[in-house]
Structure formats: structure tokens, C-alpha cells
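# Build me a model from this:
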Amino acid sequence: MNITDVDDKIILAARQQHLLSQCLAKHTSVDSETRDTTTKAFRAYLEKNLPLVASETTPEAWNQHANEAYGHVLSGQSAANDGSPPGDKEAKIKMHLRTAGSAAGVLSMSNPGMPDFVAKASGVLLPYIDSLQKHTVTGNDHDIFTKLTKRYEQRFFDDMAALNVRSPDQVTRVTEYGPQIVDFVKQIEQNGFAYENEGSVYYDTHSWESTGGVYARLEPWNRNDKELQQDGEGSLSTKKTGFKRSGADFALWKASKEGEPSWESPWGEGRPGWHIECSAMASDVLGKQFDIHSGGIDLAFPHHDNELAQSEAYWSKSGKDSKQWVNYFLHMGHLSIQGSKMSKSLKNFTTIREAIAKGDWTPRGLRVVFLLGAWRDGLEITGEVVKAGRAWEDKIDNLFLKIRDVQQRQERLRNTTNGVTNGVHSVSIIDDAIGSVADELDTAKDKFRDALCDSFDTPTAMRIISDLITFYNSQKPNTVPDVVALDLGRWVTEMVAMFGLDAQQKPGQLGWSGLDIPDRARAFVVPLARMRDRVREQAKSGAVDITTLGKFDDKDTIYASNQPYANAFADFQRKLIQLGEQHAPAKDFLAACDYVRDKELWDLHIYLEDRDGLPALIRPLSQSLREERASRDAASASKAAAKDKAKAEAEAAEQKKLEQGKLSQPEMFRTSEYSAWDAEGLPTHDAEGKEVAKSRGKKLRKEWERQRKLHQGWVAAAGQRTDSGS
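Residues are numbered from 1 along each chain as shown. Purely as a prediction, here's the structure:
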């Protein structure tokens with residue numbers, strides 16, 4: 001494995017962190033000098049990275065000016081605001097807006113603490129301090145740079161170990177290969193395929209091709225892409241290109257510049273170009289040809305194309321006599337977030353350790369998601385992807401739990417028959433099921449191998465495993481011979497282990513780790529579950545006789561608080577004894593069984609999965625079980641809230657109706673609208689003394705009747721309130 005511990009990005013990051021650390025060491029608090037320096041850094045950052053925002057913008061006015069200039073980008077539009085989709089350019093603008101906004105926010109604070117100030121302002125301080133002080137870093141002070149790379153190298157290997165990735169057999173580092181890289185460049189120059197310019201050495205693509213060599217084998221269509229060529233040269237490279245013999249020529253050796261590490265060479269102090277590092281180290285270990293080279297798809301051109309060209313130019317004196325340096329490249333697709341490549345430079349990434357520490361992912365869950373996608377395709381982390389990965393993992397979990405149950409049944413049978421079993425359980429077996437599952441397993445094995453032989457087609461391989469389990473689950477209960485079920489379980493175990501999905505795989509183990517409850521729980525949870533099975537069986541038959549359930553602990557036994565499993569078993573036994581003494585109905589015993597499953601054991605991260613005609617399956621709580629229950633609880637809470645709301649609205653409507661009845665019907669029409677009324681209070685003449693028309697009188701009579709009923713209701717309710725003393 002090659003570790004590039006010297007390249008432009010590393011040099012810049014290491015130097016910036018070193019210089020900022022030196023600068024901050026002189027200040028213990030956010031004094032006026034620190035504020036002044038940070039304000040200048042803020043303005044310099046705006047001028048370079050966010051040109052649409054005036055560099056003289058004050059921190060206090062930042063939000064307004066940023067929204068005016070880049071509001072369309074923040075709302076999800078492209079920088080051009082022409083309806084085109086946003087991409088990496090917009091992601092980078094958002095990154096710069098976040099960096100500047102963080103600095104503006106802390107600069108606007110009246111009295112921030114130093115750690116908080118540095119954390120929020122470092123994004124603008126790092127490049128600014130570097131622009132002022134980079135000349136103070138000498139070329140032979142390699143420790144400044146290796147200090148950073150060693151830290152990230154260790155983090156990388158820690159993360160790989162967490163994901164159950166095997167360690168490399170050999171590791172090479174650029175900082176340990178300085179002289180060898182110089183010799184590698186010298187050989188290319190001696191072969192006539194490189195030239196020197198002002199202490200730097202460049203690969204001569206024209207010279208190589210003129211002798212029959214091939215340049216840009218991997219992506220020939222990109223060979224004249226100036227943006228990719230410039231990116232391949234690095235951010236610290238000279239911007240002068242007029243001296244190049246061809247636009248495709250690239251640096252093999254870079255002349256020393258201030259603030260950069262350097263090594264001695266025939267061309268003067270300098271450092272390796274990015275591409276030559278990998279060629280020199282890989283050639284030293286693997287020789288003039290090797291089979292497989294891997295990397296991200298973004299490295300295909302120019303990095304890997306340049307590696308091929310310079311390595312072949314090292315090993316050959318003529319292009320036509322050269323041999324292809326690498327036979328196969330594995331270019332992996334990128335992880336993406338909201339359409340943009342997950343990238344440290346875009347600061348839109350989540351580290352492996354962060355994802356695992358927060359509980360968003362498990363190492364196995366990450367690997368499952370990666371395997372569900374093709375290695376050469378990009379992977380967009382969406383809710384659907386997460387859901388698919390979790391569903392696949394749950395399916396395997398459930399299979400292994402079932403197969404382990406079969407295994408335990410076989411062991412019990414072996415113990416009761418002096419070690420003799422025929423691999424078939426005692427119930428009847430349907431002959432078709434015997435052959436069909438075994439045949440399906442054989443077919444799955446063949447298809448699985450074919451998928452992996454087809455460019456490591458892991459999505460298809462994962463689907464084959466899933467389909468096999470679906471077929472097995474579709475068989476009628478107790479129709480698949482134990483021996484066939486165990487064969488299926490062993491094969492799936494071997495395949496998921498091969499995929500690295502179990503870091504704690506033990507020889508001969510059936511299933512993967514994580515299926516067992518804690519060892520200290522088994523002594524109490526297993527007998528609890530079996531006693532509960534007997535209670536449920538009797539309760540479903542109509543009555544429970546606790547004298548037939550086995551020996552109970554002393555009901556006064558109290559365990560220490562650090563023995564939660566023992567307490568759960570003791571509490572369950574006490575509850576059964578209490579129900580027995582009360583001659584409680586069967587439904588109360590079933591309720592007690594539900595409670596110990598749904599509350600006491602659930603809180604201990606253990607779940608009892610009840611099965612018809614079989615003992616409850618004891619399993620640790622999975623994330624999916626938790627989410628499923630949370631979803632049910634949320635639905636129940638929503639339903640209850642809706643019911644409460646409807647009840648409150650009905651009560652409010654009833655109260656309003658009662659209030660309307662407070663006015664008696666004889667009084668309801670005694671208003672200025674009328675001048676005379678009959679004995680019941682119905683109007684006979686309007687305000688002008690005219691007799692009320694018969695049609696109008698009929699309508700008033702209907703209103704009077706409605707109010708009479710309302711008033712009767714109000715009187716009755718008032719009487720109830722009086723009787724209750726309210």
C-alpha cells in the first residue's frame with residue numbers, strides 16, 4: 001500500500017496548522033491583536049473565495065450581504081442561476097459561506113472564549129497566517145509535515161480495522177523514498193523521456209509517443225483537458241506553462257519553493273511530483289509489471305494515466321518496446337451527499353469513526369450498504385439506501401436465529417438419543433420441500449460464484465443470498481429437514497464472513513456475531529422465557545396452574561441493582577405467584593407475559609419473539625426492532641392525540657350549544673326588531689307595528705322550538721352541576 005505523505009494538499013494543510021499553532025501560542029485570550037488579525041483574515045477570505053460579497057463587509061453585516069450575493073445558491077440553485085442543476089461548484093461555495101459565516105459569527109461576539117474563537121475562526125485564519133509566514137518553514141523540517149500525516153494515517157488504519165478491513169502486507173511512504181524517487185526520475189530522463197526547467201523535471205509526452213509509446217491509456221478523451229491537467233499538477237505548482245514542450249507534460253520533480261519540504265537532487269533542492277511517488281514506490285516493491293492497481297475514479301486521469309506513462313518510460317528505452325505497467329485498474333465510485341462527491345476539500349464528509357460513534361451506523365451496516373452497490377459505481381447515501389441495507393441485515397439476522405434454533409434442537413435431540421440423529425426432526429416432512437430447498441441452495445451457490453466472477457458483482461451476489469432466504473422462509477413450517485437448513489445456514493455464514501461482515505467470526509460458528517444476549521443474562525433470561533412459554537400455553541387453553549410451572553424462587557428474594565436480569569426473572573415469578581393466589585383469569589397471566597417481554601426485557605435490550613407452536617426466540621434488540629416499535633408508538637400517540645382532539649372539539653361544540661340554550665325561548669325574540677309578542681314570546685308585530693306575515697311566523701316558530709330544546713338542555717345541565725356541588 002502506497003501512502004502519499006507529501007503532496008500539495010498535505011503540505012498546505014500541515015504548514016497552515018503549524019503556523020497557526022505558533023501564532024496562537026502567543027495569545028491566551030481573544031485580545032485586540034487577535035481580533036484585528038482575524039478581521040483581516042476574514043476580509044482576505046471573502047476577496048479570494050466569495051467575490052460577490054464585498055471584502056470590506058463587516059462581520060455584523062455578513063448575513064445580509066451573503067444572502068444578497070449567494071441566496072440563490074443557498075436555496076439550491078446553481079451559481080449561474082440559470083436553472084441548471086447544482087454540483088461540486090455550488091457545494092464549494094456553500095463550504096466557503098459556512099467558513100466565512102462561522103468567522104463572522106464569532107467576531108460579532110463580545111467576549112468569546114479562546115478555544116471557541118479559534119475553532120470558529122480557524123477556517124479564515126489558516127490561509128491568512130500561511131500567506132504571511134510560510135517563508136519561515138524550511139525545506140528540511142520534514143517533521144512539520146509528517147506530524148500531520150502520521151496522525152491521519154493512524155486514523156485511517158483505525159477506521160479500516162473498525163470496518164474489518166485487512167491490513168496491507170507492506171506499506172510504503174513518500175517521505176521514506178526520497179533518494180529512490182530521485183533515481184527513478186533520473187532514469188526516465190536518461191531514457192530520453194524527461195527534461196529539466198529551472199530545477200524542475202517534466203515528463204516529455206511527445207518524446208514518449210514519438211517512439212511508439214502510449215499516453216492517456218485510461219481516458220484518452222481527457223488528454224487535452226486543461227482543467228484536469230492543472231488539477232493534477234497541484235495547487236502549489238507554478239502557473240507558468242510556456243516552457244512546456246506539450247500541454248500534457250507534467251512534473252516529475254518540483255524545484256524547491258519556500259515553505260515546502262525538499263530533498264537533494266541533481267537538479268537542486270526539490271520534492272517529488274504527485275504522480276511519480278506512486279510509480280517509484282510500486283515499481284520498487286512489485287517490479288516492471290503487476291496485475292491490479294486501485295483508486296477512486298477521479299484518479300483515472302491524469303494521475304493513473306501519468307503513472308502508466310512514466311513507469312513504462314522508466315522501464316523502457318523506447319515506447320514501442322514498452323510493456324503495459326498495470327494489467328487491471330479498479331476505479332471505485334464515490335460516496336455522494338446531496339449530489340456532491342463526499343470530499344474533505346468540500347468539508348461535506350462524515351468520518352467513519354463519527355458515523356459509528358453517533359450510532360448512525362455499525363461497521364457491518366456500512367459494509368452491507370457498500371456491498372449493495374457496485375464497486376465501480378457512485379453511491380448516494382439516501383434514506384432508501386439506508387433502509388435497504390438495514391432490511392438485508394435484518395433478513396440475515398432472522399435466518400441465523402432460525403438456523404441456530406434448528407442447531408440447538410439437533411443438539412437436544414442428540415443428547416436424548418445417545419448421540420444418534422438422522423438430521424430430520426420428528427414432524428412429517430413434505431418430500432418436495434426436501435429437494436426444493438437443497439436444489440435452490442445448489443443453484444444459489446452457482447449463481448453467487450458467477451456474480452463474483454463478473455467483475456465482483458456484489459449487488460447481484462447479495463440479492464442471491466436474499467432470494468435464497470426468501471425461498472427458505474416461504475416453505476411451510478416444519479417441512480425443511482434440519483440437515484438441509486443447517487447446510488443453508490453454514491453456506492450463508494461462509495459467504496457473509498468472506499464479505500467481511502463479521503469481525504468476530506469463530507471457527508465452526510453458525511451465523512455471525514451479535515445474535516446472542518450477554519452471557520450473564522442467559523442464566524436468568526432462558527428460564528424466564530421457558531416459564532413464560534408454559535404460562536402462555538396454559539393461558540391460551542383457558543386457565544393457568546402455577547404449580548405445574550416448575551420451581552419458583554423464594555418470593556422475598558431481592559437481587560442487587562446491578563443484577564437486572566436476575567431481578568427481571570424474580571419480578572416475573574412474584575407476579576405469577578400473586579396472580580395464582582388471586583385466582584386471576586387467563587388474560588391477566590397473558591398481560592403479565594406481555595409486560596415482561598415489552599417492558600422489562602425490552603429495557604434490558606432483549607426481545608422475546610413469540611412463535612406459534614415453538615418456544616419464544618430469545619434475541620438481542622436490533623435497530624430495526626427499535627425503529628419498528630418507535631413507529632408503532634408514534635402512530636398510537638398520533639391516534640390518541642387525534643382522538644383527544646376530536647373529543648375536545650366535541651366537548652367545545654357541546655358547551656357552545658349549551659351556552660346557546662342559556663337564553664329561554666320566551667325571551668329570545670324580545671328585541672327592538674319587534675313591538676308585540678304572544679304569551680309564548682313569539683313576535684306578532686314588527687318594530688313598525690305591522691303584523692308579522694304567516695310565512696315569517698312559521699320560521700320564527702321553528703327557531704323558537706329549537707331554542708326551547710336548547711334551553712331545556714341547558715336547564716338540565718345546570719341542574720346536574722347543582723347536584724354535583726359544582
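# ok, now how distant is the closest residue to F301 other than its chain neighbours from H331?
Nearest residue to F301 in three dimensions, chain neighbours excluded: E219, at 3.9 Å (CB to CB, 6 or more residues apart in numbering). All C-beta atoms are positioned from the backbone trio N, CA, C, and that covers glycine. Distance from E219 to H331, counting by CB to CB, to the nearest Å: 10 Å.
# overlap in contacts of these two?
A300 (CB atoms under 8 Å, 6 or more residues apart in numbering).
# coming back round to it: list the contacts of the residue nearest to F301.
Neighbours of E219 in contact, by CB under 8 Å, 6+ apart: A300, F301, D305.
# what about the first one, is that helix, strand or coil?
What DSSP: H, G, I helix; E, B strand; the rest coil gives for A300 is helix.
# Would you check how far apart the closest residue to it other than its chain neighbours and L590 are?
In space, and not counting its chain neighbours, A300 is closest to L218: 4.8 Å by CB to CB, 6+ apart. L218 sits 67 Å away from L590, going by CB to CB.
# N81 too?
Using CB to CB, N81 is found at 64 Å from L590.
# in the stretch 251-400 of the chain, what spans have low per-residue confidence?
Along the stretch 251-400 of the chain, the model assigns pLDDT under 70 to residues 337-349.
# hang on, Y202 in a strand?
Yes - judged by three-state DSSP, Y202 forms part of a strand.
# what's the neighbour count on the residue lying closest to it once chain neighbours are set aside?
Of all residues not flanking Y202 in the chain, D249 sits nearest, at 4.7 Å (CB to CB, 6+ apart). Residues near D249, counting by other CB atoms under 10 Å, number 24.
# D249 is in contact with S200, isn't it?
No - with contact defined as CB atoms under 8 Å, D249 does not count as touching S200 (10.8 Å).
# Identify the residues contacting W62.
Residues near W62 by CB under 8 Å, 6+ apart: V53, A100, G101, A104, G105, S108.
# Ok, D204 next?
G192, F193, A194, Y195, R245, S246, D249.
# Dump those residues into JSON lines; add pLDDT as well.
Below are the contacts of D204 laid out as JSON lines (pLDDT from 0 to 100):
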{"residue": "G192", "pLDDT": "97"}
{"residue": "F193", "pLDDT": "98"}
{"residue": "A194", "pLDDT": "98"}
{"residue": "Y195", "pLDDT": "98"}
{"residue": "R245", "pLDDT": "94"}
{"residue": "S246", "pLDDT": "93"}
{"residue": "D249", "pLDDT": "94"}
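# Those residues in strands, which ones?
With strands taken from DSSP state E, the overlap with the contacts of D204 comprises A194, Y195.
# so which of the contacts of D204 comes closest to S322?
F193 (10.2 Å; CB to CB).
# So what does that closest one have for phi and psi?
Phi and psi for F193, reported as degrees, to the nearest 10, are phi -120, psi 30.
# Counting neighbours, what do you get for it?
Neighbour count for F193, taken as other CB under 10 Å: 28.
# Got the domain ranges for the chain?
With domains defined by automatic domain parsing, the chain comprises 2-162, 177-341, 384-486, 519-621, 661-723.
# How far does the first one sit from its chain's centre?
I take that to be domain 2-162. 26 Å (CA atoms, centre = their mean, to the nearest Å).
# Between the two ends of that domain, how far is it?
21 Å (CA to CA, to the nearest Å).
# Could you pull out the strands in the stretch 501-650 of the chain for me?
606-611, 614-620 (DSSP state E, counting those that start in this stretch).
# now swap in the stretch 301-450 of the chain and tell me
326-332, 335-337, 340-341, 379-380.
# ok, V437 to P518 distance?
When distances are taken as CB to CB, V437 and P518 turn out to be 33 Å apart.
# Looking at the two now, which is surrounded by more residues?
Neighbour count, other CB under 10 Å: between V437 and P518, V437 has more, with 22 against 12.
# Is K120 in contact with G101, as I believe?
No - using CB under 8 Å, K120 is not in contact with G101, being 9.4 Å away.
# Neighbour count: these two, which is higher?
Shown here are K120 and G101; by other CB under 10 Å, K120 has more neighbours (21 against 16).
# so which helix or strand takes in the more buried one?
If you go by DSSP states H and E, K120 is part of helix 114-133.
# Let me see the mean pLDDT of the helix or strand following that helix.
Sequence-wise, the next helix or strand downstream of helix 114-133 (DSSP H and E) is helix 143-162. The average pLDDT for helix 143-162 rounds to 94.
# Same check on stretch 650-661?
80.
# same thing with stretch 76-87?
pLDDT averaged over stretch 76-87 gives 91.
# Span of that stretch from start to end?
Using CA to CA, the end-to-end distance of stretch 76-87 comes out at 10 Å.
# buried ones in it?
Under the neighbour-count criterion of 16 or more other CB atoms under 10 Å, stretch 76-87 has Q77, S78, A79, P86 buried.
# Stretch 290-301 too?
H293, G295, I297, L299, A300, F301.
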